[in-house]
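Novice: Need coordinates for the following:
(one chain, ligands or ions: 1)
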Amino acid sequence: MAKDMTLLWGAGSSPCWRVMITLEEKNLQGYNQKRFYFEKMEHKSAEVMAMNPRSQLPAFKHGDKILNESYAAILYLEDQFKSQGNKLIPDPPAEKAMMYQRMMEGNTFQQKLAEALYYNYLVPEGEMHDSALKRRQEALTAELKLWDGYMKKVGDGYMAGKSFSLADAAIFPIFAYVFYYCPQCEARYPNMAAYYNRLKDRPSIKATWPPARFENPEGM
Ligand SMILES: N[C@@H](CCC(=O)N[C@@H](CS)C(=O)NCC(=O)O)C(=O)O
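Specialist: Below is the predicted model of the structure:
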């Protein structure tokens, strides 16, 4: 039981989900958790700000240690609980290198997604240009093709090799996000889809599948 841990999270957030998957993989169930609703701007609350002055989620606390970056939190969990649950950083140097590489590429992937999907939200009305949106959409398509190529090489394995690692915990939620809002992308990116469909019933993923995250796709 992880009673000395607290996770502040929001549905619809890949960074939050990767921390939850990692906690499950490390058998750290029973942590304190509180859901915040982005649409009600609850992430701007004093409670979140106390743990993350950027007012972003996730915010994670273990004892008096605060980790409000999802990658920092999952690396910390694996490091602190090495011999508990599943081992999430492989030992072979080639697999370890691949794990760090794919995991951190998740940042770029998410950035490209946000730049294209939230264009209307991020760019003031008077500054919007069809050409700029098109460029962002093309950049996102290139990114998706890149990941589909990666997944072709992965075949029946995992992001970094033969076993599930932090790279899978980090990237699976982004794939899920893509396929929820773009079901037709499964046909366009079949290797990503094969990986996604193979992992979606994994116990740590099923146990943490976000509740209302996907209830309002029209909002996108
Ligand atoms: N680098 C952070 C990013 C966290 C992040 O972007 N969280 C989003 C939800 S997915 C958020 O809280 N957005 C609200 C805001 O930025 O105001 C991490 O990986 O933990």
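Novice: For this structure, which segments count as strands?
Specialist: Along the chain, the stretches classed as strands by DSSP state E are 5-9, 32-35, 59-62, 65-67.
Novice: How about residues contacting the shortest one?
Specialist: Where contact means CB atoms under 8 Å, 6 or more residues apart in numbering, the residues beyond strand 65-67 that reach it are 51-52, 59-61, 73, 76. Just so you know, the C-beta spots here come from the backbone N, C-alpha and C atoms, and that holds for glycine as well.
Novice: partners of that strand, with directions?
Specialist: Listed by DSSP bridges, the sheet partners of strand 65-67 and their directions read strand 59-62 (antiparallel).
Novice: Ok, the longest one next?
Specialist: Strand pairing for strand 5-9, determined by DSSP bridges: strand 32-35 (parallel), strand 59-62 (antiparallel).
Novice: The residue lying farthest from the centre of the chain: what's it in contact with?
Specialist: Counting by CA atoms, centre = their mean, the extreme residue of the chain relative to its mean C-alpha position is G126, 32.1 Å from that point. In this structure, G126 makes contact with no residue, judged by CB under 8 Å, 6+ apart.
Novice: wait, what's in contact with D148?
Specialist: Contact analysis of D148 by CB under 8 Å, 6+ apart lists 189-192.
Novice: Any quick ChimeraX command for the buried ones out of the residues you listed?
Specialist: The buried subset of the contacts of D148, as determined by 16 or more other CB atoms under 10 Å, is captured in ChimeraX by this line:
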select :189,191,192
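Novice: which parts of the protein sit against the ligand?
Specialist: Contact residues, the chain versus the ligand (CB under 6 Å from any ligand atom): 13, 15, 43, 55-58, 69-71.
Novice: From these, which land in helices?
Specialist: Filtering the residues of the chain next to the ligand for membership in helices, criterion DSSP state H, returns 15, 70-71.
Novice: Make CSV out of those and add pLDDT and distance to L8.
Specialist: Conversion of these to CSV gives the following (pLDDT from 0 to 100; distance: CB to CB, whole Å):
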residue, pLDDT, distance to L8
P15, 97, 12
S70, 98, 12
Y71, 98, 17
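Novice: Which residue ranges make up the domains of this structure?
Specialist: Here the domain parsing of the chain from automatic domain parsing is 5-80, 93-208.
Novice: how about the ones you listed, which one is nearest N86?
Specialist: Shortest separation from N86 across those is recorded for domain 5-80, at 4.7 Å, computed as CB to CB.
Novice: can you list the strands paired with strand 5-9 in TSV and add mean pLDDT and mean neighbour count?
Specialist: Output for the strands paired with strand 5-9, formatted as TSV (pLDDT from 0 to 100; neighbours: other CB atoms under 10 Å):
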stretch	mean pLDDT	mean neighbour count
strand 32-35	96	14
strand 59-62	98	24
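Novice: so which of these comes closest to E25?
Specialist: strand 59-62 (14.8 Å).
Novice: Now the worst-scoring helix or strand of the chain on mean pLDDT - C-alpha only, CSV.
Specialist: The least trusted helix or strand in the chain, going by mean pLDDT, DSSP states H and E, turns out to be helix 119-122, with a mean of 78. Coordinates of each C-alpha in helix 119-122 appear next as CSV, following Å, rounded to 0.1, in the frame of the first residue of the first chain:
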residue,chain,number,x,y,z
TYR,A,119,-4.3,25.6,-32.8
ASN,A,120,-7.6,27.5,-32.4
TYR,A,121,-7.1,27.6,-28.7
LEU,A,122,-3.4,28.6,-28.6
